[in-house]
Each structure stands twice: as C-alpha cells, then as structure tokens.
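Novice: sequence? don't have it. structure:
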Ligand SMILES: [Zn+2]
C-alpha cells in the first residue's frame, strides 16, 4: 500500500494486514480513529499513513471472561494498549508474556471473519 | 439555591418480575412521600436511560406511566456520571426558575431483564465500535488496562485494591437493602475468579435490579434541609484508546469546578459518596480528587478512615461494589445514602457529622465526570 494514499486504505478494520493512522499537515498531530479532519486544530489536510507496527506496551489486561460465545474460544487473551512509534495509541491483542514498557511488533491473526492486530515482543 | 427535599431507594439485587418503569415508580413513590409532595407538585422530570428499556423518550414514557404532567422533561445519558449530572441539571433548572419541584428518577431490571451475556455485551459498546469492540474487550477489560498502568506508575498493589472491596462489603452488611450479605476478606478478593487482570470478580461491581429517585426543589420541606451548593463536570475522552492519560482523568477538574461554585474547601467535607464501579475506579477517584494521598486509598480503607465512624465516611450503604449496580440508579443510591446521613436517618450506619458532602460519578472509562457538593442546613 502506498503509505500516503487517502481514505481507502485497507487497514485491519477493513480486512487488510495493516495498521493505518492519520496525520495533520497543519499542526502535525497524529491520531488513530479515522475521520476527515484534525481533532486538534480542525484542519482538513489529513493524510492516511501506514504505521511501522512497532511500539511500546502502555497497558495490558488478560481477559478471562470474554463478552460473547465466539470470543470465548480465544480466552484468555491479552488486551494491550500500545504506543506506536509514530505517536498514536492503539488497542490490540498481544502475547501473554508482554509487560508494560516492552518493545513490540505487530502481526495479524485471523479470527472468525476478521483480522486482529497482535503484538509480539520485538526481537 | 436548590434543596434535595426527598429521596427514595429500592433494595438492589435480584428483583424478579419488575420492569424498568416498575422500579422507577417504586423509587419515585418513596421520594415523593419523603419530600411530602404529591404528583401534582412535580413540574419537572429528569431521568436517565435503561438498557432493558431502550427508548427515544424515556422521560415521557415514565411521565405517562406514573401520572405526571411536567412543564419540563428530559432524559440524559452519561453512563455512570448520569446520576450526578441529573442532580446538576435539576439544580440549574430550579435555580433558573424553570421548575419548582423536579423529580429525578432511574431504575432498571438489569439483572433479571436480560441474559448476563447481553448485559456484558451492551456495556462493552462504550468501546469504539471499529477499533476496540471487535477485539473483545469488556468493561472490566477497559478498567483492567487502566489499573495495570495506574498500579505500575503509582505503586498500588492488588491487595490495596482489595481493601476497597472489603470496605464496601463491610458497609453493605449494615444496610438491609444491599445485594450482598456475606463478609469478605482481602484473601477472598485475591482468590476470587479472574475477570480482566488485575481485576478479579470481587473487584467488580455486580449487575443488579433496582431503582432510586430524589426530588430537587426551590423550597425546602423537611426539618433538616439539604441543599446543593455547587456542581461541576469534566469530559476528557470517550474511548480508553483516546484517553489523554491513564493515570490522570477529569475527576479533579470536575470537583474543582464544583468546589469553586460551592465556595468551600475540600478539607471541610465530612462525608464522601464516590463512584466505585471497580476497586480501581474508587482508588483513582479518591486519590485524584485528593481525599487521600496517591497510593493511600487501600491503607486508609484498611485503617478505618472511611468507615461510618471514621474520619471521612465513604459510601456507607456499600456502594456499587456491594449495595449493587443497576445502571443509572446505581450512583443515585450514593446520593440517597448521603441524604440519609445528612438528615440523621442512617440508623446503625450513622456518621457523627455528615454536614458537608461531596458526590462524584464517572461514566465510560473514567471519561465523563460529574460532581456535586451538598450542605446540611438546620
Ligand atoms: Zn491539526
């Protein structure tokens, strides 16, 4: 994928093996939840970018009690918040050995009808 | 100026066969009787929402059912902050002359009105529908993430969190309406079933049925007056992925706005009613607001500081953790208990001087905050 392509980027939420974030050309803010304007300055010069997939674990919780029958097949699973090196934060699954502060790299796992971002310890 | 002239509260727990409007009606009837008011005296109605009765117009659904013809009706949705936010709205409406007597009411058969999976899934939807919910987080998982970071930075242990569950249970044992009737120890909390690390089931509030109501009036009615002297809110994010920080939220900002409006000092409060959806929620709110030092909530709870006869009585009915949590009414039980404490009606739980109270609620994942200061006037 072209790292600078606009709006149609197939990230994991749309079935592609990528983490996509956005940046503002006016104020430099980087963010994760897709929208057509900058949440900091309101500017419309927004660019979709593909993330490197590298970051640091900010928080982690091992979920034993899954919310639904389908997800029970995965439990227990580690939910992490990862600070991406590009300056945004994202939620994902992660290897159960992960601790706060660990450097991590993303891969994608297929589960039921969707792709999930999954972080392993960086080697 | 506005007065809380009456309060009503049902027991919380498993209340088979009662609907949202049944529970709202039961609490509203009790609140009107407590205030010495009739239906025809109520010219304003504020209610929250119910996951078992999702409706575009819950306030007028209830007005019709209960037999009210208010000049003003409004349903608001701020998750766990709704109870305090409804109190703030009622206060502002009474002060501005829109209404003389506003009934604030909520109720929900959250436990028996749906399956446990349905309740858990509905609540998990406070997460982002595209970027979070598909990953299978739950409300405990969002708070488990917060807990992991807060404990990492602030040096709080799982045993410290457990002390707050033990405290809330100790209080609940003194209230006949509480959902839980068995004492627990720190060891019980530590050994309880893992839910979303570091949170175990005894760190989490239950799902309950119940209802609560109060009346906010321009004129006082009872012998002992309880007035709202300041209110404030702060909203910093919705989703935990977008929170500015996992160790500092909007609680201090919200309380500071309310405190400034009230014109009092935080050290003057004598009773605290603080939202406790999880042990980590209560820990963070107590420490961020400044009702104890950072990292001190657990040891203060263990030492009796927050007991009914301690220096700062806290949630003496047992809180969400042990009185129960039925949605919007959950945090309103904190207000009802505060009112009973302030008017000397808390029976065996009575604090010696509940003359000034702080109420604080949070909704979402420590996203939305609302605070109220109440003052007793004899
Ligand atoms: Zn910008």
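Specialist: Received, thanks. As the structure is a computational prediction, the values presented were derived from the model and not from experiment.
Novice: Okay, buried residues for the helix or strand that contains residue B:65 please.
Specialist: For residue B:65, the enclosing helix or strand under DSSP states H and E is helix B:58-66. Burial within helix B:58-66, assessed by neighbour count using 16 or more other Cβ atoms under 10 Å in any protein chain shown, is assigned to B:58, B:59, B:60, B:61, B:62, B:63, B:66. No exception for glycine: its C-beta is placed from N, CA and C like everyone else's.
Novice: Where do the helices of chain A begin and end?
Specialist: In chain A, the helices defined using DSSP state H lie at A:69-72.
Novice: mind listing what the residue in the stretch 201-350 of chain B positioned nearest to the ion touches?
Specialist: Nearest residue of the stretch 201-350 of chain B to the ion (Cβ to the ion) works out as residue B:242 at 15.3 Å. Residues near residue B:242 by Cβ atoms under 8 Å, 6 or more residues apart in numbering or on different chains: A:31, A:32, A:33, A:89, B:128.
Novice: How confident was the prediction at residue B:120?
Specialist: At residue B:120, the model reports a pLDDT of 82.
Novice: Quickly note the distance from the closest residue to it other than its chain neighbours to residue B:174.
Specialist: Taking Cβ to Cβ, 6 or more residues apart in numbering or on different chains, and ignoring the residues beside it in sequence, residue B:120 has residue A:67 as its nearest neighbour in space, at 5.0 Å. Using Cβ to Cβ, to the nearest Å, one gets 34 Å for the distance from residue A:67 to residue B:174.
Novice: if you count what's nearby, which of those two comes out ahead?
Specialist: residue A:67 (25 against 16; other Cβ atoms under 10 Å in any protein chain shown).
Novice: The more buried one contacts residue B:121, correct?
Specialist: Yes - using Cβ atoms under 8 Å, residue A:67 is in contact with residue B:121, at 5.2 Å.
Novice: doesn't residue B:98 fall inside a helix?
Specialist: No - using DSSP: H, G, I helix; E, B strand; the rest coil, the assignment for residue B:98 is coil, not a helix.
Novice: Got the domain ranges for chain A?
Specialist: A:3-50, A:54-121 (automatic domain parsing).
Novice: Wondering if the last one reaches the ion at all.
Specialist: Pointing back at domain A:54-121 there. No - using Cβ under 5 Å from the ion, we find that domain A:54-121 stays clear of the ion, coming within 12.9 Å at best.
Novice: State the pLDDT value of the residue in chain A that chain B sits nearest to.
Specialist: Residue of chain A nearest chain B, by Cβ to the nearest Cβ: residue A:61 (3.2 Å). pLDDT recorded at residue A:61 is 98.
Novice: Could you list the low-pLDDT ranges of chain A?
Specialist: Low-confidence segments of chain A (pLDDT under 70): A:1-9.
Novice: Around chain B, which positions in it sit nearby?
Specialist: A:13, A:31-34, A:58-69, A:71, A:74, A:76-77, A:79-81, A:89-93, A:100, A:114, A:116 (Cβ under 8 Å from any Cβ of the partner chain).
Novice: again, 7 Å this time
Specialist: Contact residues (Cβ under 7 Å from any Cβ of the partner chain) of chain A with chain B: A:13, A:32-33, A:58-68, A:71, A:74, A:77, A:79, A:81, A:89-93, A:100, A:114, A:116.
Novice: ok, back up a step: please name the residues that touch the residue nearest to residue B:120.
Specialist: Shown in contact with residue A:67 (Cβ atoms under 7 Å, 6 or more residues apart in numbering or on different chains): B:120, B:121, B:124, B:136, B:138.
Novice: What's the local residue count around residue 33?
Specialist: In the absence of a named chain, this looks at chain A. Counted with other Cβ under 10 Å, residues neighbouring residue A:33 total 18.
Novice: could you do chain B instead?
Specialist: Quick note: residue B:33 (other Cβ under 10 Å) scores 12 neighbours.
Novice: Run a quick neighbour tally on residue B:117.
Specialist: 13.
Novice: Would you mark the buried spots in stretch B:200-219?
Specialist: Neighbour-count burial for stretch B:200-219 [16+ other Cβ under 10 Å]: B:200, B:202-218.
Novice: Stretch A:90-104 too?
Specialist: Neighbour-count burial for stretch A:90-104 flags A:90, A:91, A:92, A:93, A:94, A:98, A:100, A:102, A:104 (criterion: 16+ other Cβ under 10 Å).
Novice: Strands along the stretch 51-200 of chain B, start to end?
Specialist: Secondary structure of the stretch 51-200 of chain B (DSSP state E, counting those that start in this stretch): strands located at B:72-75, B:101-109, B:194-196, B:199-200.
Novice: Other residues contacting the shortest one?
Specialist: With Cβ under 7 Å, 6+ apart as the contact definition, strand B:199-200 has outside contacts at B:140, B:143, B:144, B:147, B:189, B:192, B:193, B:194, B:278, B:280.
Novice: Mark which of those are buried, thanks.
Specialist: Neighbour counting by 16+ other Cβ under 10 Å classes B:140, B:143, B:144, B:147, B:189, B:192, B:194, B:278, B:280 among the contacts of strand B:199-200 as buried.
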